[in-house]
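Novice: mind looking at a prediction? Sequence and model below.
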Amino acid sequence: METQAQTPNINPGDHEVYMRLALSLAEKSPPKPTNYRVGAVVVEVATNKVLATGYTLELPGNTHAEQCCIEKLAKEYDVETSQLGQALPSEVAIYTTVEPCCLRLSGNKPCVERILDIGKDKVKTVYVGVQEPDTFVSGNSGSLRLQDAGIEVVHVPGLEHKILEVATAGHNTDQAS
Ligand code: ZN
């Protein structure tokens, strides 16, 4: 049985540890040529408790990591995802290995909009490991949109190489050789 919500060794404010947790989740995502393997963690700011974890394609459908976290939380609080802002009892921080998307070619709701639905009163900070590469959608302004809405976006440095390696593991790299 998985015990992914138990993270006894994380010290308050240790952003790299949360980012490593998100990265370990990304590694659970099935490699595919058409999307990034991303991991995300939602942490309660006051207690540093991990409230939800998610990774790309964890839930049925073409699901993103942040989306999985949000849908799992909404289920836990027994509300629609659009009502999660009211349902969450306190401020949270979201850690995601790759900057949240602001446009999806599939027409699905971008993760930035899902985060904005929760709102700045509950989502205090979004910590990102890398900005989204331009492979699928160029000029991702996810961070800008979040910042414009009053949500802090903080880059957690140091894991970029591994994050991108995991994110693109299913992509065809034979063309370069
Ligand atoms: Zn997304």
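Specialist: Arrived safely, thanks for sending.
Novice: give me the contacts around the helix or strand of the chain with the lowest mean pLDDT.
Specialist: Ranked by mean pLDDT, DSSP states H and E, the weakest helix or strand in the chain is helix 142-148, scoring a mean of 90. The contact list for helix 142-148 (Cβ atoms under 8 Å, 6 or more residues apart in numbering) reads 99-102, 110-112, 115-116, 126, 128, 131-132, 153. (Glycine included, C-beta is placed from N, CA and C.)
Novice: distance from that helix to the middle of the chain?
Specialist: Chain-centre distance of helix 142-148: 14 Å, with Cα atoms, centre = their mean, to the nearest Å.
Novice: what do you get for stretch 14-22?
Specialist: Stretch 14-22 has its C-alpha centroid displaced from the chain centroid by 12 Å (Cα atoms, centre = their mean).
Novice: flag every buried residue along it.
Specialist: Residues of stretch 14-22 classed as buried by neighbour count (16 or more other Cβ atoms under 10 Å): 15, 17-22.
Novice: what sits up against that stretch?
Specialist: For stretch 14-22, contacts defined as Cβ under 8 Å, 6+ apart pick out 7, 9-11, 39-41, 43, 50, 53, 65, 93, 95-97, 127, 129, 154, 156, 158-159.
Novice: of the residues you listed, buried ones?
Specialist: 7, 10, 39-41, 43, 50, 53, 65, 93, 95-97, 127, 129, 156, 159.
Novice: from those residues, which land in strands?
Specialist: 39-41, 43, 50, 53, 93, 95-97, 127, 129 (DSSP state E).
Novice: what's the farthest-apart pair in those?
Specialist: Maximum pairwise distance among these (Cβ to Cβ): 16.5 Å, between V50 and G129.
Novice: one step back: from the contacts of helix 142-148, which single one is nearest T168?
Specialist: T168 lies nearest to E132 out of the contacts of helix 142-148, by Cβ to Cβ, at 11.6 Å.
Novice: filter the contacts of helix 142-148 by proximity to the ion?
Specialist: Among those, the residues lying close to the ion (Cβ under 5 Å from the ion) are 101, 111.
Novice: can you check the pLDDT for V43?
Specialist: On pLDDT, V43 comes in at 96.
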